[in-house]
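when you get a sec, could you give me coordinates for this:
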Amino acid sequence: MTILIKYWESLHLEDLAVILLSKTVSLLLLIILFIIGKKIAGLVFERFFENSPKILGQDPSRRKTLFKLLHNLMDYFLYFLLIYWILSILGLPVSSLLAGAGIAGLAIGLGAQGFLSDLVNGFFILIERQFDVGDSVTVDTVTGIVSNVGIRTTQIRDFDGTLHFIPNREILLVSNQSRGDMRAQIDIPIYATTNLDRITQIIKEVNDREIPNCPEVTGLPNILGPRNAINGQFVFRVNIFVQSGEQQNIYSKFYRLYQEALLQEGITLPTPSANAIMPTKKV
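Next comes the predicted model:
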């Protein structure tokens, strides 16, 4: 019992309370200053990008990509400083911890190999401009819009809303659908006995009437005519080249226009799964 009393008296609870209060106040002040400083740094960073188009290039998607990447680097640096200051306030020997990291360097190095691979591959993706933020891409089996490019991962939002996080080292093949004009391929299912010349004439009339009202179309439609689709369906094919990202809109619009025009002219169209000869006279 005497030993416990002496131990209790040796704790100097008042001194411990003062130290604890001092460190708590210091940590709170540090966090408040960090939040304020981070917001100020973010505003300065945004203002710099807004006022430096000549340095970073005129392409908005390129500037947006660089902004997100450099902003991520700034965040990593600020959080590293925050952790360093927290450890210093708590009285932990930061220099000894950093020196001790060399002892465990082998173990850490094994875990850091993936990080370095992500960093190097992300660097080449950026330099080679394989894609920018806002581009429509296919990476392996993932297709969507690039929403963020980081030093470790690339974020791609699928068209159904799913956000995919892909390590940069896993990006081996990129198919970018946002570079140059894209093709909207329209296949209209038809019967084998349908008058093809009449279909061609109707489609040309639709194109002459509607193409001048579609500035996203970059050239005259290419009427290829009858084709057999992959599924064996007999179709009448039209290719329209449009600005990047507009292929789905143009496809939906002109497929509807072609179908409505053909039906109005009395041409019977099969369902997409039908491939038989129409059991009626030629149209």
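
and whichever helix in the chain runs longest, what's buried?
Ranked by number of residues, the top helix in the chain under DSSP state H is helix 13-50. Along helix 13-50, these residues count as buried under the neighbour rule (16 or more other Cβ atoms under 10 Å): F34, F49. (Glycine included, C-beta is placed from N, CA and C.)

for that helix, what does the pLDDT average out to?
The average pLDDT for helix 13-50 rounds to 80.

now do stretch 66-81
79.

now that stretch - C-alpha only, PDB.
Only the C-alpha atoms of stretch 66-81 are listed here, as PDB (Å, rounded to 0.1, in the frame of the first residue of the first chain):
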ATOM      1  CA  LEU A  66      -2.600  19.400 -64.600                       C
ATOM      2  CA  PHE A  67      -4.700  21.300 -61.900                       C
ATOM      3  CA  LYS A  68      -6.000  18.100 -60.400                       C
ATOM      4  CA  LEU A  69      -2.600  16.300 -60.400                       C
ATOM      5  CA  LEU A  70      -0.700  19.200 -58.900                       C
ATOM      6  CA  HIS A  71      -3.400  19.900 -56.400                       C
ATOM      7  CA  ASN A  72      -3.100  16.300 -55.200                       C
ATOM      8  CA  LEU A  73       0.600  16.700 -54.900                       C
ATOM      9  CA  MET A  74       0.100  19.900 -52.800                       C
ATOM     10  CA  ASP A  75      -2.400  18.100 -50.600                       C
ATOM     11  CA  TYR A  76       0.000  15.200 -50.000                       C
ATOM     12  CA  PHE A  77       2.800  17.700 -49.000                       C
ATOM     13  CA  LEU A  78       0.500  19.600 -46.600                       C
ATOM     14  CA  TYR A  79      -0.700  16.500 -44.900                       C
ATOM     15  CA  PHE A  80       2.900  15.300 -44.500                       C
ATOM     16  CA  LEU A  81       3.700  18.600 -42.800                       C
END
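
neighbouring contacts of it?
With Cβ atoms under 8 Å, 6 or more residues apart in numbering as the test, stretch 66-81 has contacts from 34, 37-38, 41-42, 45-46, 49, 56, 122, 126, 133, 148-151.
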